[in-house]
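1. sequence and predicted structure, then a few things I'm wondering about:
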Amino acid sequence: MADRRGRQQEIGPIVSSAHLADGALPALSELEFGLILAGNAFDRWMVRCMTAAGEPGCAAIDVLVLHSVAHRQRPKRLGDLCSVLGVEDTHLVIYALKKLEKRGLVKSARAGKEKLITATDKGFETCLKYRTVREALLVESMKGLGLDPATTSAVAATLRALSGHYDQAARAAASL
């Protein structure tokens, strides 16, 4: 790419905030921009897949919470849902649970002092419909990329490790 004087300029790195890429690790800014794009695309996908599965009007957090509640068909505690999903603000999960309960997708019961949440039959059936749509629209197209399952799992492990670094940095920043 040429500048105003016709000199060639290097393209990249592809970032959303060049002032952050000027630091010691520009590649991290590239990764963060990729995470922003992937995160927003994933949120859109979950909402639209849930609509196609017969539950329009759900937010991305609602979809995540429903799938987590349905996971292994065992009752879940609020704290465990927040922990697994990495959601610090429990009010977000509480609100999602209220919306899902109103739709008849989850139900809650007391076990002593604890409140346990489970997926209803309708909730689990919705998760299975979501899976059917996901297999047809997303998995089939992803298979066409020829991604190696072991490499894909390694990328997932790296993303989970990165989340730990961001969480630690967030705790440190909160103490400043």
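-> Yep, it's here.

2. what ranges does this protein have for its helices?
-> With DSSP state H, the ranges of helices along the chain come out as 18-21, 26-52, 60-70, 78-85, 90-102, 121-134, 140-143, 149-174.

3. where among those helices is the average confidence lowest?
-> Looking at the helices of the chain, the lowest mean pLDDT belongs to helix 18-21 (a mean of 87).

4. who touches it?
-> Residues outside helix 18-21 that contact it (C-beta atoms under 8 Å, 6 or more residues apart in numbering) are 13, 15, 29-30, 32. Quick note: C-beta positions are derived from backbone N, CA and C, even for glycine.

5. quick one: which two of the residues you listed are the most distant?
-> Maximum pairwise distance among these (C-beta to C-beta): 10.7 Å, between P13 and E32.

6. neighbour count winner among these two?
-> For the pair P13 and E32, the greater number of neighbours falls to E32 (17 against 14), based on other C-beta atoms under 10 Å.

7. hmm, L116 and V106 touching each other?
-> No - contact criterion C-beta atoms under 8 Å: V106 and L116 do not qualify, at 10.5 Å.

8. higher neighbour count, those two?
-> Between V106 and L116, V106 has the larger neighbour count (other C-beta under 10 Å), namely 25 against 17.

9. need the contact list for the closest residue to the more buried one other than its chain neighbours.
-> Leaving out its chain neighbours, the residue that sits closest to V106 by C-beta to C-beta, 6 or more residues apart in numbering is L100, at 4.5 Å. Neighbouring residues of L100 by C-beta under 8 Å, 6+ apart: 62, 65-66, 69, 106, 123.

10. and these as TSV, adding distance to G54?
-> Putting the contacts of L100 into TSV (distance: C-beta to C-beta, whole Å) gives the following:
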residue	distance to G54
D62	14
V65	17
L66	12
V69	17
V106	16
G123	12
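
11. return the member of those residues nearest to H165.
-> Checking those one by one against H165 (C-beta to C-beta), the nearest turns out to be V65, at 25.1 Å.

12. measure the closest one to G6 for me?
-> 55 Å (C-beta to C-beta, to the nearest Å).

13. so those two - more neighbours on which side?
-> V65 (28 against 6).

14. alright, calling it a day.
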